[in-house]
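Asks: Provide a 3D model corresponding to the input given below.
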Amino acid sequence: MNNAAITEDEDFSRRARDNQARLTAGLRPHYDFVVCGAGSSGSVVARRLAENPEAQVLLLEAGGSDEADCVMNPALWPTNLGTERDWGFQAEPNPHLNGRALSLSMGKGLGGGSSVNVMVWSRGHRSDWDFFAAEAGDPAWGYENVLGIYRRIEDWQGAPDPQFRGTGGPVWVQPASDPSPIALAMLDAAAEIGVPSFESPNGRMMESDGGAAISDMLVRNGRRNSLYRAYLHPWLDRPNLTVLTGAQVRRVVFDGRRASGVEILHGGEVTVVGAGSEVVLSLGAIQTPKVLMLSGIGDRAELERFGIPVLQHLPGVGRNFQDHVSFGCTWEYEEPIAPRNSGSEATMYWKSRPDLDAPDLLFCQVEFPVPSERTAARGVPVHGWTMFAGLAHPTSRGRLRLRSADPLAAPVVDANFLSDPADVTTARACIELCRALGNARAFRPFVRGEVMPGELEDEALDLYARDAAVTYWHQSCTAKMGRDGMSVVDATLRVYGVDGLRVADASIMPRVTTGNTQAPCAIIGERAAEMVRQAHGL
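Replies: The predicted structure is shown next:
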């Protein structure tokens, strides 16, 4: 970046900072739109609504600024886990994981998960989006339309590919820069076991049986370029967009059956901010159903347990909980190899059975050891790498419930991982495929040998899977879009049975997408904003 560009950037930052200080100091009692949550979807919704200068938009975020090296430096993403930038949710002890209670980290702060994640851009498979369209009864959720949105929003930095990639959009996407030899070895290892390699994981590969590729990442000039940075940060100098941090949403306020605003905790005080047109919940798959229930929307029996007046009985709120579940397999380096970029540069999607119509396994190579708290006891090499691989489409379903009527109390999350025997069968196939990859000839120049799991069969292999299982932090599906009795939102993301309230985040997914969920959340934000704008003539 040259001196003129640096000066221009500094001028904008000062102008944006002064503007937001002025807007938040003079917080209005009412806005046209109140967007709750500045994560991967909420940042998109707020930006797109604020593009109309006549619309007054308030974006509420419980966390703080993203201006920290631990956020912006791609290599430091793990240092945010367990800090004030992480909600720190904890699942209940799970008998199907030998009694283990998994940590369910979620981003807290401007950018949400996109400010603490591994920066991987994974669009989702054709079959995912076509499934969304079928569940919603709306072809606009289908793959062909979504592919057009991806082309429009991307600023692709790789080899030109007009069929699949776009340029000039807000989202800077690039292949992992100068990938590690260990990442390139993974592509060669995949070829050895019959898995084809692709020039990108987001083109033809997402329409096929699967494959391996160097990951696409949201990194620009060596710095994280979160969806907040891509969409919202360039808009902070606008007079009609107010971004209020440190503001936790307690519940949605209603006038009859219409959402009229939100109750928030800010600066130690509880206050209500009005919404003249709509409220959009983009709080993530744990906070969104929690706020819905605290607002009187959910399963009648659950709400009545805590004396919450029932506004709308929707038994699907908090149900259908899904996540990608990983089983780490680890190898020791022959000589230390320092991680590059985010430490995760190669990815693979494949099928556990040839009769499937789409990949059901997700593989992310991690260039350092990633054991679970249980498998760490087996011995972890000082220098090594992990095949972080797991279930792209788990069959098991969990549930989220309120712990109490206290808005500050963390909800009860029964993740229920591996409760369905089919997932255990798929886990075995996943681990066996990991071992075939890691023990392929391509890795022999780099590794001393396999550390775990080693040759395990039957019950011993199942035990390893239950001890090794951890989350990808892709929590989703707890306020699903659809048309059945367990659906929470319709095809336009409106909450059933009430007016003026939509949900736009990973909770609306009918099933979790194949791969990392950041990119699909951008699509959810884009579609939500498009439908809100159409509804209000913006």
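Asks: roughly how far does Ser197 sit from Ala213?
Replies: 6 Å (C-beta to C-beta, to the nearest Å). All C-beta spots, glycine's among them, are computed from the backbone N, C-alpha and C.
Asks: okay, and the common contacts of those two?
Replies: Any residue near both Ser197 and Ala213 by C-beta atoms under 8 Å, 6 or more residues apart in numbering counts here, and that gives Leu187.
Asks: which one of those two has more residues nearby?
Replies: Ala213 (23 against 17; other C-beta atoms under 10 Å).
Asks: tell me the SS of the more buried one?
Replies: Under DSSP: H, G, I helix; E, B strand; the rest coil, the three-state class of Ala213 is strand.
Asks: where do the strands sit along the stretch 151-300 of the chain?
Replies: For the stretch 151-300 of the chain, the strands defined by DSSP state E, counting those that start in this stretch cover 154-156, 171-175, 211-214, 216-217, 219-220, 223-224, 241-244, 247-255, 258-266, 269-281, 297-298.
Asks: what segments of the stretch 1-150 of the chain are helices?
Replies: For the stretch 1-150 of the chain, helices defined by DSSP state H, counting those that start in this stretch occupy the ranges 3-25, 42-50, 69-72, 126-136, 143-153.
Asks: and the ones you listed, which is most packed in?
Replies: Mean neighbour count (mean count of other C-beta atoms under 10 Å) peaks for helix 42-50 among those, with a mean of 29.
Asks: how big is the angle separating that helix from strand 171-175?
Replies: With axes from the mean of the first three to the mean of the last three C-alpha atoms, to 10 degrees defining the directions, helix 42-50 sits at 140 degrees from strand 171-175.
Asks: what's next to helix 42-50, contact-wise?
Replies: 33, 35-36, 38, 55, 57, 59, 61, 110-112, 114, 170, 226-228, 230-232, 235, 238, 240-241, 243, 280, 282-283, 504-505, 521-522, 525-526, 528-530, 532-533, 538.
Asks: from these, list the buried ones, please.
Replies: 33, 35-36, 38, 55, 57, 59, 61, 110-112, 114, 170, 226-228, 230-232, 235, 238, 240-241, 243, 280, 282-283, 504-505, 521-522, 525-526, 528-530, 532, 538 (16 or more other C-beta atoms under 10 Å).
Asks: residue ranges in the stretch 1-150 of the chain under the pLDDT threshold?
Replies: Segments of the stretch 1-150 of the chain classed as low confidence (criterion: pLDDT under 70) are 1-6.
Asks: also the chain?
Replies: Ranges of the chain meeting pLDDT under 70: 1-6.
Asks: returning to that earlier point: can you say which of the helices of the stretch 1-150 of the chain is nearest to Asp420?
Replies: Taking C-beta to C-beta, helix 126-136 is the member of the helices of the stretch 1-150 of the chain nearest to Asp420, at 18.4 Å.
Asks: work out for me the element the closest residue in space to Ser326 that isn't next to it in sequence sits within.
Replies: Distances taken as C-beta to C-beta, 6 or more residues apart in numbering place Gly390 nearest to Ser326, at 3.6 Å, with adjacent residues excluded. For Gly390, the host element (DSSP states H and E) is strand 384-391.
Asks: strands paired with that strand, and their directions?
Replies: Strand 384-391 sits in its sheet next to strand 325-333 (antiparallel), strand 361-366 (antiparallel), going by DSSP bridges.
Asks: can I get those strands in JSON lines with distance to Ser419 and mean neighbour count?
Replies: Below are the strands paired with strand 384-391 laid out as JSON lines (distance: least, C-beta to C-beta, whole Å; neighbours: other C-beta atoms under 10 Å):
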{"stretch": "strand 325-333", "distance to Ser419": "11", "mean neighbour count": "24"}
{"stretch": "strand 361-366", "distance to Ser419": "19", "mean neighbour count": "25"}
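Asks: what's the closest of the ones you listed to Pro160?
Replies: Closest among the strands paired with strand 384-391, using C-beta to C-beta: strand 361-366, at 26.5 Å.
Asks: the residue nearest to Ser326 bridge partners, please.
Replies: Here Gly390, judged by DSSP bridges, has bridge partners Ser326, Leu362.
Asks: would you reformat the strands paired with strand 384-391 as a markdown table and include distance to Asp420?
Replies: Output for the strands paired with strand 384-391, formatted as a markdown table (distance: least, C-beta to C-beta, whole Å):
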| stretch | distance to Asp420 |
| --- | --- |
| strand 325-333 | 11 |
| strand 361-366 | 16 |
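Asks: which residues does stretch 128-141 contact?
Replies: So stretch 128-141 is in contact with 142-143, 145-146, 358, 480-483, 487, 490-491, 509-511, 513-514, 520, 527, going by C-beta under 8 Å, 6+ apart.
Asks: same question but for stretch 51-58, I mixed them up
Replies: 28, 31-35, 46, 49-50, 235, 238-242, 244, 273, 275, 277, 533, 536, 538.
Asks: redo that, cut-off 6 Å
Replies: 31-34, 46, 49-50, 240-242, 538 (C-beta atoms under 6 Å, 6 or more residues apart in numbering).
Asks: and which of those is nearest Phe363?
Replies: Out of the contacts of stretch 51-58, the member with the shortest distance to Phe363 (by C-beta to C-beta) is Ala46, at 34.1 Å.
Asks: how close does that closest one get to Arg397?
Replies: 31 Å.
Asks: next one: Lys480
Replies: Lys480 is 11 Å from Arg397, by C-beta to C-beta.
Asks: returning to what we had before: tell me how many other residues surround the residue nearest to Ser326.
Replies: 30.
Asks: just checking, it touches Gly328?
Replies: No: taking contacts as C-beta atoms under 6 Å, Gly390 lies outside contact range of Gly328: 8.9 Å.
Asks: wait, Glu61 touches Gly246, no?
Replies: No: in this structure, Glu61 is not within contact of Gly246 by C-beta under 6 Å, at 7.8 Å.
Asks: want to try TSV for the strands of the stretch 151-300 of the chain, with distance to Val413 as columns?
Replies: Output for the strands of the stretch 151-300 of the chain, formatted as TSV (distance: least, C-beta to C-beta, whole Å):
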stretch	distance to Val413
strand 154-156	33
strand 171-175	30
strand 211-214	33
strand 216-217	29
strand 219-220	31
strand 223-224	27
strand 241-244	27
strand 247-255	18
strand 258-266	22
strand 269-281	18
strand 297-298	15
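Asks: what's the most buried one of the ones you listed?
Replies: strand 297-298 (a mean of 28).
Asks: what lines up beside it in the sheet?
Replies: By DSSP bridges, strand 297-298 pairs with strand 312-313 (parallel).
Asks: list the helices and strands the next helix or strand after the partner strand packs on?
Replies: The helix or strand immediately downstream of strand 312-313 is strand 319-321, counting by DSSP H and E. If you count contacts as 3 or more C-beta pairs under 6 Å, 6 or more residues apart in numbering; DSSP states H and E, strand 319-321 packs onto strand 398-401.
Asks: hang on, the earlier thing: among the helices of the stretch 1-150 of the chain, which is nearest Cys364?
Replies: helix 126-136 (17.4 Å).
Asks: contact partners of stretch 248-268?
Replies: Contacts of stretch 248-268 (C-beta under 6 Å, 6+ apart): 34, 36, 60, 62, 247, 272-275, 279, 291, 294-295, 407, 498-501.
Asks: would you mind measuring the gap between the ends of that stretch?
Replies: 10 Å (C-alpha to C-alpha, to the nearest Å).
Asks: could you number the chain from 277 rather than 1 from now on?
Replies: Sure thing, new numbering starts at 277, so read that last one as stretch 524-544.
Asks: dump the C-alpha coordinates for stretch 745-764 into CSV.
Replies: Extracted C-alpha coordinates of stretch 745-764, given in CSV (Å, rounded to 0.1, in the frame of the first residue of the first chain):
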residue,chain,number,x,y,z
ALA,A,745,-15.0,-35.8,18.3
VAL,A,746,-14.9,-32.0,18.5
THR,A,747,-16.9,-29.3,16.7
TYR,A,748,-16.0,-27.3,13.7
TRP,A,749,-17.9,-24.4,15.3
HIS,A,750,-20.5,-24.5,12.5
GLN,A,751,-23.5,-24.3,14.8
SER,A,752,-26.7,-24.0,12.7
CYS,A,753,-30.3,-25.0,11.9
THR,A,754,-32.1,-24.0,15.1
ALA,A,755,-34.7,-21.8,13.5
LYS,A,756,-35.0,-23.5,10.2
MET,A,757,-36.6,-22.3,7.0
GLY,A,758,-39.3,-24.5,5.6
ARG,A,759,-43.0,-25.3,5.4
ASP,A,760,-43.5,-28.1,7.9
GLY,A,761,-44.7,-27.9,11.5
MET,A,762,-41.1,-27.6,12.9
SER,A,763,-40.2,-24.7,10.6
VAL,A,764,-39.6,-21.3,12.2
